[in-house]
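J.: Any chance you could fold what I've pasted below:
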Amino acid sequence: MTARFAVAWALLSLCVPAGASEPDLSTPRRAYRSFLDLARAGEFGAAAGVLDLGSLPGARRAADGPKLARQLLFVLERELWPDWERVPDDPDGGAAAEPQAIVLGTIRLGESGVPVRLVRSGREWRFGPGVVASIPALYSAYGPGWIGERMPRILIEIEFLGVQAWQWIGLLAGLGVALLLALGLAALAQKIVLSFTGRTPFTWDELLVEQFAGPARLLLGLFAFGLSASALRLAAPAQEALQHVLRIGTVALFSWIGIRAIGFGARVLTERVGTRPGDPAARSRLTHVMVLKRVSEYVVIVLGIALVLLQFEPVRALGTSVLASAGVAGIVIGIAAQRSLAALLAGIQISVTQPLRVGDVVVIEREQGTVEEITLSYVVVKIWDLRRLVVPITKILDTPFQVWTRAGSELIGTVFLHADYRLPIDPVRRELERYVASRPEWDGKVVVLQVTDATERSVQLRALVSSVDASRNWDLRCAVREQLISFIQRLEGGKYLPRARIEPLPQNSVEGAGEEASPLSSRPPT
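T.: Down below sits the predicted model:
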């Protein structure tokens, strides 16, 4: 039996490396790594060998050492993630300011901080007595708290991406609470606020609630999620990743608030400016408001994206390298973005010079419509049949186009008719004046009938009528054309409508022409 036991022990010794549970204290880096590896493996008794327990009574070291090692691991993983490049792998501590001590970092505790030191004793490196004495206070401040201490052991031992199972459950629960507060409580609060704003004589307060309801939900959700996540005492990598997410959410929140504030101001200014058809100054101010809104939103979005990218270290390093080579990068970016910059400058130029404004009636690309929207990259024209013509902003400055409401919205329209030469003009003129005076589209300024052309078959009549805007003028022209055609049709049975005449010549003219045309006017002799 003794021989068999010896063989089994020898085989077991070959499978398990000797000293697998013994920490390596030869250098600061190896001592630190040994503590983390042993403690994470649950060998807290062996990990306690990296602690300087000299200040503890000898009878308490065996019981308190593993407990202190477990508590220190939790604090280090949450507050002091190792930076191995700064921990020397030299028995003498490298080029440390204190040859007998290496400071791994400082953990804030109360008004001051606790420096986490590895202290050399002989040829061995351990966590110093000051760190060991501060472990209970650090664990009380940064430990798992009341919730984590009462979790089942299995939920603590199971980890994924450095986050324990109970913490994952807590994150999901916190996310659910945040969504519930953001959607349910915020919607209830919005209804309550709207019930009060509906009783006021103002309209801007309801618009304010409408504009900022979404950002308020996001603010409430971020606050609730951040508060619940802070109670979970996550490890340092997970906490840092969560802080990145919360910072990005905060940047998005303030960018959203900025965009909504710009939209709110633009809506209020638009309502005050108005879009009266006969007021070019109002359309000019409205154009300024819309372009300024677009530029401001563009600036807010760019700043928001820049702040989000600056949260990541590789992007900050990239930004530093770009600044270092600003000459070449500026040329490359300028060439690549010249069309975008040209469109942006063109939008600003249109806002300043205003070749067209929101509400102007224009003819572009042989299409007549009303300018509905001006952005930094294109202009939207609403055509009469409700189609939308989207014109690049740069083409507005490079291509001629017609503006019917540049100085005012008044417009003179033309109606062309053709009639027989025998038509008496005065009755038609009186009918035109009588009919136009009865139409609400006429502005009472211009009504004229003129003979503008005469062809071999008919005369051309041109009627001029005026209205306060293009839409009314179009309707008036169609009505006038229909009325004058009907009047000429009824006038003496329609004898003055255009016609083509074929009349025979007199008989003697025909015979004379025939004789002259025939050189053999007499019959030859028989």
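J.: Tell me, how many residues neighbour residue 453?
T.: If you count neighbours by other C-beta atoms under 10 Å, residue 453 ends up with 12. In short, each C-beta sits where N, CA and C put it, glycine included.
J.: Quick check: it touching residue 460?
T.: Yes - counting by C-beta atoms under 8 Å, residue 453 does reach residue 460; the two are 3.7 Å apart.
J.: hey, what's in contact with both of those two?
T.: Residues touching both residue 453 and residue 460 (C-beta atoms under 8 Å, 6 or more residues apart in numbering): there are none.
J.: Show me where the chain has its strands.
T.: 101-109, 112-121, 124-127, 159-160, 163-164, 361-364, 367-374, 378-383, 388-392, 402-403, 411-419, 447-454, 459-467 (DSSP state E).
J.: Give the rounded mean pLDDT of the fourth one.
T.: Mean pLDDT, computed over strand 159-160, is 64.
J.: Kindly report the same for the second one.
T.: When the per-residue pLDDT values of strand 112-121 are averaged, the result is 82.
J.: Check which residues of that strand are buried.
T.: 114, 116, 117, 118, 119, 120 (16 or more other C-beta atoms under 10 Å).
J.: In the protein, spot the helix with the most residues.
T.: Criterion DSSP state H: the longest helix present in the chain is helix 236-273.
J.: From the contact counts, what lies against that helix?
T.: Helices and strands touching helix 236-273, by 3 or more C-beta pairs under 8 Å, 6 or more residues apart in numbering; DSSP states H and E, are helix 58-79, helix 204-230, helix 280-309.
J.: Just put those helices in CSV and tack on mean pLDDT.
T.: Putting the helices and strands packed on helix 236-273 into CSV (pLDDT from 0 to 100) gives the following:
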stretch, mean pLDDT
helix 58-79, 79
helix 204-230, 75
helix 280-309, 75
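J.: Please name the nearest non-neighbouring residue to residue 53.
T.: residue 61 (4.8 Å; C-beta to C-beta, 6 or more residues apart in numbering).
J.: hmm, back to that, make JSON lines from the helices and strands packed on helix 236-273 and add mean neighbour count and distance to residue 183 to it.
T.: JSON lines is the format used below for these (neighbours: other C-beta atoms under 10 Å; distance: least, C-beta to C-beta, whole Å):
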{"stretch": "helix 58-79", "mean neighbour count": "18", "distance to residue 183": "31"}
{"stretch": "helix 204-230", "mean neighbour count": "17", "distance to residue 183": "7"}
{"stretch": "helix 280-309", "mean neighbour count": "17", "distance to residue 183": "24"}
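J.: Kindly provide the distance from residue 398 to residue 392.
T.: 9 Å (C-beta to C-beta, to the nearest Å).
J.: who's more crowded, those two?
T.: Legend: neighbour count by other C-beta under 10 Å for residue 398 and residue 392, higher for residue 392 (15 against 8).
J.: Would you agree that one is in contact with residue 375?
T.: No - Residue 392 is beyond contact range of residue 375, at 10.4 Å (criterion: C-beta under 8 Å).
J.: anything in contact with each of the two?
T.: By C-beta under 8 Å, 6+ apart, no residue touches both residue 392 and residue 375.
J.: any idea of the pLDDT on the closest residue to residue 35 other than its chain neighbours?
T.: Once flanking residues are discounted, residue 35 sits nearest to residue 50: 4.0 Å by C-beta to C-beta, 6+ apart. With respect to pLDDT, residue 50 scores 84.
J.: Distance check, residue 50 against residue 116.
T.: For residue 50, the distance to residue 116 - C-beta to C-beta - is 12 Å.
J.: where do the contact lists of the two overlap?
T.: What both residue 50 and residue 116 touch, as defined by C-beta under 8 Å, 6+ apart, is the set residue 127.
J.: export the helices and strands packed on helix 236-273 to TSV and tack on distance to residue 379?
T.: Output for the helices and strands packed on helix 236-273, formatted as TSV (distance: least, C-beta to C-beta, whole Å):
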stretch	distance to residue 379
helix 58-79	56
helix 204-230	26
helix 280-309	11
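J.: Ok, which of the ones you listed comes nearest residue 240?
T.: helix 58-79 (10.3 Å; C-beta to C-beta).
J.: Quick check: which helices or strands does that closest one pack against?
T.: helix 28-40, helix 44-47, helix 129-142, helix 236-273.
J.: Tell me which of those helices lies nearest to residue 416.
T.: Closest to residue 416 of the helices and strands packed on helix 58-79, according to C-beta to C-beta: helix 236-273, at 38.8 Å.
J.: Could you give me the buried positions within the closest one?
T.: Residues 236, 238-239, 242, 246, 248-249, 251-262, 264, 266-267, 269-270, 273 are the ones in helix 236-273 that count as buried (16+ other C-beta under 10 Å).
J.: Then stretch 37-46?
T.: Here stretch 37-46 shows 38, 39, 43, 44, 46 as buried, counting by 16+ other C-beta under 10 Å.
J.: can you put the residues you listed in JSON lines and add distance to residue 362 and pLDDT?
T.: Compiled in JSON lines, these are given as follows (distance: C-beta to C-beta, whole Å; pLDDT from 0 to 100):
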{"residue": "38", "distance to residue 362": "79", "pLDDT": "87"}
{"residue": "39", "distance to residue 362": "75", "pLDDT": "84"}
{"residue": "43", "distance to residue 362": "81", "pLDDT": "85"}
{"residue": "44", "distance to residue 362": "80", "pLDDT": "84"}
{"residue": "46", "distance to residue 362": "83", "pLDDT": "85"}
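J.: Just flag the most distant two among the residues you listed.
T.: 39 and 46 (8.7 Å).
J.: Any idea how many residues pack against the residue lying closest to residue 86 once chain neighbours are set aside?
T.: Of all residues not flanking residue 86 in the chain, residue 104 sits nearest, at 8.0 Å (C-beta to C-beta, 6+ apart). Close neighbours of residue 104, defined as other C-beta under 10 Å, add up to 19.
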